[in-house]
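A.B. asks: generate a structure from the sequence data that follows.
(6 chains, ligands or ions: 6)
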Amino acid sequence: METHTAKRVEIVIEAPLERRLTDALTEAGVTGYTILPVRGGSGRSGKWTREGQVGRAGMVAVVCLIRPERLDGLLEAAFAVVEKHIGVVSVTDAQVLRAERF
Amino acid sequence: METHTAKRVEIVIEAPLERRLTDALTEAGVTGYTILPVRGGSGRSGKWTREGQVGRAGMVAVVCLIRPERLDGLLEAAFAVVEKHIGVVSVTDAQVLRAERF
Amino acid sequence: METHTAKRVEIVIEAPLERRLTDALTEAGVTGYTILPVRGGSGRSGKWTREGQVGRAGMVAVVCLIRPERLDGLLEAAFAVVEKHIGVVSVTDAQVLRAERF
Amino acid sequence: MTEILSLAGENLISPIILSFALGLLAALARSDLTIPEAVAKGMSIYLLFAIGFKGGVAVSAHGIDATLILTLIAGIVLSFGLPILAFALLRVMTGLSVIDAAAVSAHYGSISIVTFVAGTSVLQGRLIDAEGYMVAVAAAMEAPAILSALWLVARSGGKGSMAPGLMREILLNGSIVLLVGSFFIGAITGDEGLEQISAFIVSPFQGVLCLFLLDMGLIAGRGLRQSKGVLGIGAIGFAILMPLISASIAVVIGTMIGLSTGGVVLLMVLAASSSYIAVPAAMRVALPEANPSVYLTLSLGVTFPFNLTLGIPLYLAIAQTVTGG
Amino acid sequence: MTEILSLAGENLISPIILSFALGLLAALARSDLTIPEAVAKGMSIYLLFAIGFKGGVAVSAHGIDATLILTLIAGIVLSFGLPILAFALLRVMTGLSVIDAAAVSAHYGSISIVTFVAGTSVLQGRLIDAEGYMVAVAAAMEAPAILSALWLVARSGGKGSMAPGLMREILLNGSIVLLVGSFFIGAITGDEGLEQISAFIVSPFQGVLCLFLLDMGLIAGRGLRQSKGVLGIGAIGFAILMPLISASIAVVIGTMIGLSTGGVVLLMVLAASSSYIAVPAAMRVALPEANPSVYLTLSLGVTFPFNLTLGIPLYLAIAQTVTGG
Amino acid sequence: MTEILSLAGENLISPIILSFALGLLAALARSDLTIPEAVAKGMSIYLLFAIGFKGGVAVSAHGIDATLILTLIAGIVLSFGLPILAFALLRVMTGLSVIDAAAVSAHYGSISIVTFVAGTSVLQGRLIDAEGYMVAVAAAMEAPAILSALWLVARSGGKGSMAPGLMREILLNGSIVLLVGSFFIGAITGDEGLEQISAFIVSPFQGVLCLFLLDMGLIAGRGLRQSKGVLGIGAIGFAILMPLISASIAVVIGTMIGLSTGGVVLLMVLAASSSYIAVPAAMRVALPEANPSVYLTLSLGVTFPFNLTLGIPLYLAIAQTVTGG
Ligand SMILES: Nc1ncnc2c1ncn2[C@@H]1O[C@H](COP(=O)(O)O)[C@@H](O)[C@H]1O
Ligand SMILES: Nc1ncnc2c1ncn2[C@@H]1O[C@H](COP(=O)(O)O)[C@@H](O)[C@H]1O
Ligand SMILES: Nc1ncnc2c1ncn2[C@@H]1O[C@H](COP(=O)(O)O)[C@@H](O)[C@H]1O
Ligand code: NA
Ligand code: NA
Ligand code: NA
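C.D. replies: Ligands and ions are numbered 1, 2, ... in the order given. You can find the predicted model right below:
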């Protein structure tokens, strides 16, 4: 089946930053993304689990599929938000159906 | 460690279609998949969040790891379901342990 | 933007094994991972859904981003836990920002 | 008239309505207040179980009223018929496509159980009895409207298809099963059963309803905010006019088949209410081309609040005038 | 005999059992009715807290009964011993592998707290008192069976290993900690404490239990549907026979150590009930080769419903005959 | 003195405190006992709604007390001022960086609604009335402290920025909106409204609070376990000393503006309590460089348990001596 090359960007970031990240993405013209809940994790700032949280704490994972040429714009927008915060950003090559959506 | 090449297909689709998608996959001989909850997202049909939903609405992400040669069969089966609906399909190259499982 | 090559390892494993897996990872020197909830899935041991579970049953997905050279260590550690159990392990090539974190 | 207004006034300052208003305002003000999905679903399960059980107990007490069958048939006929009326209205009043118009119609033929619950609690507040089996009627009215909508699309050459298994899915959807099931449990165990669990399903009921409506307000508000501009004045007019028409038809039928005043009110409420759970999900499967934000905004953002605030007291006033109850 | 049947009859038409039946039917009919995992977990936390607390209050009221220690020991011995009996039976009655048989045995040595709760509420319904510390006995019976199962495997040369930390995990698993903890809270705060929270842990208890059993029914039904054909007639026979044997042993022990009629019934219920939360999770870690759908289906799909419907009233009848209470 | 101790003693063996202790112990023992996030959030929504509503009803009953405005101002001043005091103390007592010290200060200027709720339930237990509008004061005290903290950082040349939209976010955060909203609903519907839902928001309140505190204990315990060694003795000393200072200031102000004994106690509790929901989230946005485990451990792991166990009875004793109530 015909597919189109794209980049899959996965951003794990603390929940309180979620809205700021998605706003930044929208500003950078990235209107397509999916937000996955995160149950827990571990990193330089230690271990944590969803249950061990009060209120809005915790992390979320934001997944964006975009055209390769738009990757840099996205990364800059994302990084501006993630920079000072807890979280990670990763990119993988991907193929997508229905390019018209990207 | 020995690994085997495979394809990782990720399908984000509206929850009411979940059963139809998995049935289609099973028919296409794809018996291995993992379904992840989705907290929210944005696309051509606008933004939404899990909390802002009543009943069965919302989206889910279905992840399938399969042998490369079976990719087309899967994509056709998936596309038949996703086609008219809200959602995205992406594919990435992957390596898997325990090929006997695919 | 500058990125660094890394491996993205995704391990889907039954929830009762979660702590054992993360302990094994930590022992293998893997201190960075994210745990995603899993809603359901299907495999050789049949179909299941989160709602159809009592107590601690169900699965989780553990995602690790690591430097390529550390992949084998991780896979061995992970495999030692997953081996006898229900679950799958997949690896994809990835790019990450902020290599200092890995 | 003044009486209706005072009635509406009373109704408006009840904790239930104010909780809904609070949610609506919070959402419009973009507060991050949210009720976890699982909790909201848990509350709706509680409400369905409680309302079904109590209906069953009432039936076991007063026995199967002769008009039961008639009312069930009336409900099913309404659910089949109202979408056709709605469709015609929509084609006249709005520029909606055939598909969108049909999808919206399905919602107005079907029912909103929360509106029904709000109706019953208004009746309780005024010590007006109603036939216990009205919850069974509510269940019977959920699905037929969907078939009418699909028929309307097919008729206009559209390809809205009754996907395989969809009918089973609709008839066995959780809320119908729970409502009917708990209705039978209540009917079987009767007052003795009620005694055992009334501290759970009766006393806290109103309070849970408050929190549930708070959540409904949040959802309606978020929906309205996101769908600004989606709806023309015609569509909004429809979402107010349609429930009034449905209720008027229901009051006639209800009185004809000899329901009590309370029963007539509930039949009006069912006819006037529009679905936002079962039908939207079914539409995503059967009519995916239909735009969800159109039917969700009309049903949840306009008609639901209208019924909750002005509709119910109005229907009550009308029913009392007509039945002289 | 007729008395037992009428007892069973009464028991069968209680809201609790009917809710379970509703869930079972809904699942078998493939309805999409589900109770969110978080809500189900919340309800089980509520039930554990309430049952533990009430047990503690009862102890603080009647003081530490002399037979407390004896009953605890009896419970532990049963939990250690029953798996061996179960294992022998399984090897004879079924074609299950050593590993599978051992895994199943662990479940039948351990207990089901919901079955215990159902038992207590049947006693309450008949105004039969029971020793408050039976909840402590329930907690004590959860874990030992797991050790026996591992021993059985080791004995047959299997390599089911007591993974490091597993013992701690089992002994400190949430349900045991909550049950024992709330038991002590109840024992310390006594009637005064109960007074403060009885509107939460006493009055709505039966109602919450209904919704919880509705969920149990859904889960059991889905399990049964998926594991069609997994089980032979022998295995199913075992799942009915074993609880009867366990209960018979328990009635003897219970009477010997001089428990009240209610206490004897609860000890029988504990012995006859089989785990489907703590043990399955432990088995996944300790005996991963064992097939989950075998032990889950037997424990949750066959034995649990049997105890809930016929078992409990039967045990009550037996206990009353034996103790003459 | 002995009186305080007996008071503290009484307080310590209440189901509420023991539930918190149970959670703490379970977490420290690494039990897997957890309360699902959704359920915990649901309970906190329930508690906020109930406490706000009851406050509103009280106001509608006793009318707007003349001191209302004064108390609101006092609360806001305290919330602005206490962080500056806390900051100075931290710089003296601990080696925390400017950023960390400022972040911690924000928590101690703001409030913990659960501590407030625990305070009210201690007052109820002793039949001491308090001004209903204290919940409004609680809401007013949540946010100002955050501004002070940012100012402290800016002053020291730090770049903690009031991110755009952050202020709106803080003022409209869910807990404030729900608390204030339900307060108004209670004030509008008054006793009549309370009657309708008291079976939901009054009777089970204490019980829900137990389970909620069980969860708080679990979270505090897990936090303490993970942040071993993060905190010096100085920091821990601060987390005990600061609430005492805040309470002492509050007792003076509260008496000056003529609050009732109950009102003074609640103002002390608010001043002494520290935030662990609204402020931490805001800090992650405004002062991301601040180390979360420092402020969370101090606020949730040290100050919260201290206030819950010894603090509240102490504040009550002081208030009674001072006001002679
Ligand atoms: N190497 C990694 N792989 C996957 N997830 C990570 C990794 N490092 C950090 N994370 C996630 O990002 C969160 C914060 O990481 P950190 O900022 O390093 O504390 C962790 O809790 C994980 O959820
Ligand atoms: N480019 C994208 N990357 C990731 N997820 C997407 C993307 N586009 C759409 N989605 C997901 O698919 C859902 C429906 O998309 P759409 O059909 O474009 O409205 C969105 O709510 C997202 O969850
Ligand atoms: N090919 C696959 N792709 C994605 N997930 C899989 C696949 N196979 C198995 N899984 C996941 O792993 C779980 C256990 O698989 P199994 O051990 O084959 O029963 C399933 O329930 C799925 O969640
Ligand atoms: Na209708
Ligand atoms: Na047993
Ligand atoms: Na404070």
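
A.B. asks: check which helix or strand covers residue D:16.
C.D. replies: helix D:15-28 (DSSP states H and E).

A.B. asks: the helix or strand following that helix: which residues count as buried?
C.D. replies: Of the helices and strands lying after helix D:15-28 in sequence (DSSP H and E), the nearest is helix D:37-62. Residues D:37-60 are the ones in helix D:37-62 that count as buried (16 or more other CB atoms under 10 Å in any protein chain shown). In this view, the C-beta of every residue, glycine as well, is placed from N, C-alpha and C.

A.B. asks: residue boundaries of the strands in chain A?
C.D. replies: Counting by DSSP state E, chain A has these strands, from start to end: A:4-14, A:33-37, A:40-43, A:46-49, A:59-66, A:87-96.

A.B. asks: pick out the shakiest of those, pLDDT-wise.
C.D. replies: Among the strands of chain A, strand A:46-49 carries the lowest mean pLDDT, a mean of 79.

A.B. asks: report the distance from that one to the chain centre.
C.D. replies: Relative to its chain's centre, strand A:46-49 lies at 19 Å (CA atoms, centre = their mean, to the nearest Å).

A.B. asks: briefly note if it comes near chain F.
C.D. replies: Yes - applying CB under 8 Å from any CB of the partner chain, one finds that strand A:46-49 is in contact with chain F at A:46, A:47, A:48, A:49.

A.B. asks: which residues touch the nearest residue to residue D:44 once chain neighbours are set aside?
C.D. replies: Leaving aside its chain neighbours, residue D:44 sits nearest to residue D:212 (6.7 Å; criterion: CB to CB, 6 or more residues apart in numbering or on different chains). By CB atoms under 8 Å, 6 or more residues apart in numbering or on different chains, the residues touching residue D:212 are D:40, D:43, D:44, D:47, D:114.

A.B. asks: now do residue D:261
C.D. replies: Applying CB under 8 Å, 6+ apart, the residues contacting residue D:261 are D:128, D:319, D:320, D:323, D:325.

A.B. asks: please name the nearest non-neighbouring residue to it.
C.D. replies: Residue D:261's closest residue in space is residue D:325 (CB to CB, 6+ apart), at 2.8 Å.

A.B. asks: give me the pLDDT value at that neighbour.
C.D. replies: Predicted confidence (pLDDT) for residue D:325: 74.

A.B. asks: number of residues surrounding it?
C.D. replies: When neighbours are defined as other CB atoms under 10 Å in any protein chain shown, residue D:325 has 17 of them.

A.B. asks: is residue A:80 in contact with residue A:23, as I believe?
C.D. replies: No - here residue A:80 lies out of contact with residue A:23, judged by CB atoms under 8 Å, at a distance of 11.1 Å.

A.B. asks: which residues are in contact with both of those two?
C.D. replies: Residues touching both residue A:80 and residue A:23 by CB under 8 Å, 6+ apart: none at all.

A.B. asks: distance of the residue nearest to residue D:261 from residue F:231?
C.D. replies: 70 Å (CB to CB, to the nearest Å).

A.B. asks: and residue D:238, by the same measure?
C.D. replies: Noted for residue D:238: a distance of 62 Å to residue F:231, by CB to CB.

A.B. asks: so which of those two has more stuff around it?
C.D. replies: Neighbour count, other CB under 10 Å: between residue D:238 and residue F:231, residue D:238 has more, with 26 against 21.

A.B. asks: quick check: bridge partners of residue A:64?
C.D. replies: residue A:9 (DSSP bridges).

A.B. asks: that one touches residue A:25, doesn't it?
C.D. replies: Yes - counting by CB under 8 Å, residue A:64 touches residue A:25, with 6.9 Å between them.

A.B. asks: common neighbours of these two, please.
C.D. replies: A:33, A:74.

A.B. asks: which of the helices or strands spans the closest residue to residue D:298 other than its chain neighbours?
C.D. replies: Leaving aside its chain neighbours, residue D:298 sits nearest to residue D:239 (4.5 Å; criterion: CB to CB, 6+ apart). Secondary structure from DSSP H and E places residue D:239 in helix D:233-256.

A.B. asks: so how far is that helix off the chain centroid?
C.D. replies: 13 Å.

A.B. asks: flag every buried residue along that helix.
C.D. replies: D:235-236, D:238-239, D:242-247, D:249-251, D:253-255.

A.B. asks: do you know which of the strands of chain A lies nearest ligand 3?
C.D. replies: Proximity to ligand 3 (CB to the nearest ligand atom) singles out strand A:33-37 among the strands of chain A, at 15.2 Å.

A.B. asks: other SSEs contacting the closest one?
C.D. replies: helix A:18-27, strand A:59-66, strand B:33-37, strand B:40-43, strand B:59-66, strand C:33-37 (3 or more CB pairs under 8 Å, 6 or more residues apart in numbering or on different chains; DSSP states H and E).

A.B. asks: next one: phi and psi at the residue nearest the centre of chain D?
C.D. replies: Nearest residue to the geometric centre of chain D (CA atoms, centre = their mean): residue D:112, 1.9 Å. For residue D:112, the backbone dihedrals (degrees, to the nearest 10) come out as phi -120, psi 110.

A.B. asks: looking at it, it is touching residue D:279, isn't it?
C.D. replies: No - the pair residue D:112 and residue D:279 does not pass the contact test of CB under 8 Å, sitting 9.7 Å apart.

A.B. asks: what is in contact with those two at once?
C.D. replies: By CB under 8 Å, 6+ apart, the residues touching both residue D:112 and residue D:279 are residue D:299.

A.B. asks: close to ligand 2, is the longest helix anywhere in chain A?
C.D. replies: For chain A, the helix reaching the highest residue count under DSSP state H is reported as helix A:71-82. No - using CB under 6 Å from any ligand atom, helix A:71-82 stays clear of ligand 2, with a minimum separation of 10.3 Å.

A.B. asks: tell me the buried residues in that helix?
C.D. replies: A:71, A:73, A:74, A:75, A:77, A:78, A:81, A:82.

A.B. asks: ok, which pair from these is furthest apart?
C.D. replies: Greatest spacing in these, by CB to CB: A:71 and A:81 (16.2 Å).

A.B. asks: can you redo the helices and strands packed on strand A:33-37 as CSV with distance to residue D:310?
C.D. replies: Below are the helices and strands packed on strand A:33-37 laid out as CSV (distance: least, CB to CB, whole Å):
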stretch, distance to residue D:310
helix A:18-27, 35
strand A:59-66, 40
strand B:33-37, 38
strand B:40-43, 33
strand B:59-66, 35
strand C:33-37, 43
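
A.B. asks: now residue 89. Nearest residue, chain neighbours left out?
C.D. replies: In the absence of a named chain, this looks at chain A. Closest to residue A:89 by CB to CB, 6+ apart is residue C:97, at 4.4 Å.

A.B. asks: hm, I was asking about chain D
C.D. replies: residue D:238 is the one closest to residue D:89 (CB to CB, 6+ apart), at 5.8 Å.

A.B. asks: tabulate the buried residues of helix A:71-82 (a markdown table), appending distance to chain E and pLDDT.
C.D. replies: Shown next, in a markdown table, are these (distance: CB to the nearest CB, whole Å; pLDDT from 0 to 100):
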| residue | distance to chain E | pLDDT |
| --- | --- | --- |
| A:71 | 37 | 95 |
| A:73 | 38 | 93 |
| A:74 | 34 | 94 |
| A:75 | 35 | 94 |
| A:77 | 34 | 93 |
| A:78 | 31 | 92 |
| A:81 | 30 | 90 |
| A:82 | 29 | 88 |
